[in-house]
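Colleague: Curious how this folds, go ahead:
(chains A and B)
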Amino acid sequence: MSASVEVEGIGFGAASDPVLENITFSLAAGHFMGIVGPNGAGKSTLLALLIGMLTPRSGIVRFAGVAMDAKHRRKILQRVAFVHQLQAQHPSLPITVEEVVAMGDPKFGSWLWRRAKVRDRIAEALESVGILHCMAKDFRVLSGGQRQRVRLARALMRNPTVLLLDEPSAALDTQAQDQLYRLLRQLCDQQGKTIIMVEHDIAAISSFVDSVACLNRRIHHHAMAGEQIPPQVWQDMYGSHMHVMAHDHACIGCQQPEVTVV
Amino acid sequence: MMDGFFASEVMRDALWPALLIAVVASTVSVMVLAHRLSFLTVGVAHASLAGLGLAAVTGLPLLPMASLVAVSVALLLPWMPTGKGIHNDAASGMLFSGSMALGVLLLAGADRQQVDIFGLLFGNILLISQQDISYLMLISCGVMVAVAWAARVWWSIAFDATTAEANGVPVQRYRLLLYAVVGLTVILCVKLAGVVLTTGLMVLPAAIAWFWGRSLWSLWWVSMVAAITGVFGGLMVSYAADWPAGATIVMMLCLLFCGSWGTQWLMQRDRRSQI
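Modeller: Next comes the predicted model:
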């Protein structure tokens, strides 16, 4: 059986000064992968390559064995959903939560599409992210955490097998971050969704993900859950001024004493 | 006054085309605000002067020529070198000033007797011909079909273009279609309010609706009701006071905007005082 997501030798940017080079990984269905790295490491570029918004210089991306190319992109995107940073949407557009979630339906742009036909699915998506009670509300009055849940519900309207998230917790407080990661973990465990999430804070995600890829132009290390990332990897990614310290305090997302990068 | 208004053949002939323009302009107006294209409407309206100048010089029909230039200028906008630090507002400014300069030069060479400059600048819906009505109907049908076909996608692009693109929507193609639709709608409005006042019709209905709308559909309906009220009320007042129709309609819409603003302010003050 083919992997849910396969990335083979992806390169992007000029060969002399690549943005990304030789990115390779393979994820089974239900796997939750975090991608961490410094600013400008190519994390968001990698997600854009995965969903075909950018074309790689070399390598190939496959979803369930089907190559992401111009011929198959439309079909693949019916089962792959993307959630990007919170700040990106129109800040003052009067729109209800129901209307936002409806936009996620793959047939939303069709001439014959009617919202009444998908109202049950909208309610289902909102219920799965725990904010069904907000369905009729104005999107603008929601909190940051609620907005991000609505955006997740919009992605779930596609019934995706793969979810790609670009810093979904940006602008969220620590409690809302924690709730969001728990929700994503549930989607993997209960619905078998494969999730690739770009984040800055490894401490926050470490107890929710199955693996963490340390990215800075290339994948320096792909650590599985429970595995400690060698200090050398941090220094390779962030520079020699980085030090790794063990401590015995719990932090957000940590269920046990953790290692923190300072 | 109502009897006199409806008894006037000029007003009767102008009312239905004006209301048709109100419906189309208010429909497109919400997209203009959602996609932040207000300055494009200013640009395209002024650029239409080049089309009017071309029509005056060549003797070809006025509205089709203006439509051709308006749509061409609107579609040129995405091709401007915005990557070089020239943003959309600067690109619109350059396009409209260049086209307007061309229009002025062409009109300077045209037969002054054939060109109704005041009508071009401030609108002349009261002098609308049967040929103009047919052409306006044709454009209106085209615009409304395009809106019915593409509106949902335009909404999703306005709300979050990156996610729309990630969902496989050809964002750039839909934007081009929207620019063309805005260009055509501007020409409708030029007939009613003239080059100078067209932006009022393209922006004010949706700006009023922004105060009251809580959903995309309500935004649309409020915008339409505001435009119809402004056009109908404006024509009535212009008949009663013998004022220019285009300017009176835009002034009526401005009053509706100020009324909405004031009412919202009072409502918010009441809410705050109850806390």
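
Colleague: pLDDT score for the spatially most central residue of chain B?
Modeller: By C-alpha atoms, centre = their mean, chain B has its centre lying nearest to B:Met202, at 3.4 Å. pLDDT for B:Met202: 95.

Colleague: can you check the one 4 residues further on too?
Modeller: Confidence per residue is given as pLDDT, and for B:Ala206 that number is 97.

Colleague: Against B:Ser38, how distant is it?
Modeller: In this view, B:Ala206 and B:Ser38 are 9 Å apart by C-beta to C-beta, to the nearest Å. C-beta: built from backbone N, CA, C; applies to glycine.

Colleague: if I look at those two, which residues touch both of them?
Modeller: Contact criterion C-beta atoms under 8 Å, 6 or more residues apart in numbering or on different chains; residues shared by B:Ala206 and B:Ser38: B:Val32.

Colleague: which of these two has more neighbours?
Modeller: B:Ala206 (27 against 18; other C-beta atoms under 10 Å in any protein chain shown).

Colleague: The more buried one contacts B:Val32, doesn't it?
Modeller: Yes: the pair B:Ala206 / B:Val32 is scored as a contact, 6.5 Å apart, by C-beta atoms under 8 Å.

Colleague: What parts of the stretch 151-275 of chain B come near chain A?
Modeller: B:152-153, B:155-156, B:158-160, B:162-169, B:210, B:213-216, B:218-219 (C-beta under 8 Å from any C-beta of the partner chain).

Colleague: Drop anything exposed from those.
Modeller: B:152-153, B:155-156, B:158-160, B:162-169, B:210, B:213-216, B:219 (16 or more other C-beta atoms under 10 Å in any protein chain shown).

Colleague: In contact with residue 230, which residues?
Modeller: Going with chain A. A:Pro230 makes contacts with A:His221, as judged by C-beta under 8 Å, 6+ apart.

Colleague: let's do chain B instead
Modeller: Neighbouring residues of B:Gly230 by C-beta under 8 Å, 6+ apart: B:Ala22, B:Leu204, B:Pro205, B:Ile249, B:Val250, B:Met252, B:Leu253, B:Leu256.

Colleague: any idea whether the fourth one is helix, strand or coil?
Modeller: Remark: B:Ile249 carries the secondary structure label helix [criterion: DSSP: H, G, I helix; E, B strand; the rest coil].

Colleague: Could you check the pLDDT of it?
Modeller: Confidence at B:Ile249, expressed as pLDDT, is 94.

Colleague: I'd like to know how many residues surround it.
Modeller: Using other C-beta under 10 Å, B:Ile249 has 32 neighbouring residues.

Colleague: what does the last one give?
Modeller: Here the neighbour count serves as a burial measure; for B:Leu256 (other C-beta under 10 Å) it reads 21.

Colleague: How about the first one?
Modeller: The tally of other residues near B:Ala22 (other C-beta under 10 Å) stands at 29.

Colleague: Can you mark which positions in the strand or helix carrying it are buried?
Modeller: When elements are assigned from DSSP states H and E, B:Ala22 belongs to helix B:9-34. The neighbour-count check on helix B:9-34 (16+ other C-beta under 10 Å) flags B:11, B:13-15, B:17-18, B:20-34 as buried.

Colleague: Tell me the secondary structure at the spatially most central residue of chain A.
Modeller: In chain A, the C-alpha nearest the mean C-alpha coordinate belongs to A:Leu165, at 2.0 Å (C-alpha atoms, centre = their mean). Classification of A:Leu165 using three-state DSSP returns strand.

Colleague: and the helix holding B:Ala22, what does it pack onto?
Modeller: helix B:38-58, helix B:130-159, helix B:171-212, helix B:216-241, helix B:245-274 (3 or more C-beta pairs under 8 Å, 6 or more residues apart in numbering or on different chains; DSSP states H and E).

Colleague: could you check the angle helix B:9-34 makes with the shortest one?
Modeller: Yep, that's helix B:38-58 we're talking about. 130 degrees (axes from the mean of the first three to the mean of the last three C-alpha atoms, to 10 degrees).

Colleague: Go through helix B:38-58 and flag the buried ones.
Modeller: B:38-57.

Colleague: helices or strands up against it?
Modeller: helix B:9-34, helix B:62-76, helix B:88-109, helix B:171-212.

Colleague: which element follows the helix or strand encompassing A:Ile196 toward the C-terminus?
Modeller: Using DSSP H and E, A:Ile196 maps to strand A:194-198. Next in sequence after strand A:194-198, counting helices and strands by DSSP H and E, comes helix A:202-205.

Colleague: what comes up buried for the host helix or strand of A:Gly145?
Modeller: A:Gly145 belongs to helix A:144-156 when assigned by DSSP H and E. Residues of helix A:144-156 classed as buried: A:Gly145, A:Gln146, A:Arg147, A:Gln148, A:Arg149, A:Val150, A:Arg151, A:Leu152, A:Ala153, A:Arg154, A:Ala155, A:Leu156 (neighbour count, 16+ other C-beta under 10 Å).

Colleague: Out of those residues, the closest to A:Leu184 would be?
Modeller: Using C-beta to C-beta, A:Leu152 is the member of the buried residues of helix A:144-156 that sits closest to A:Leu184, with 8.0 Å.

Colleague: That closest one - nearest residue in space that isn't next to it in sequence?
Modeller: With sequence-adjacent residues excluded and distances taken as C-beta to C-beta, 6 or more residues apart in numbering or on different chains, A:Leu152 is closest to A:Val129, at 5.2 Å.
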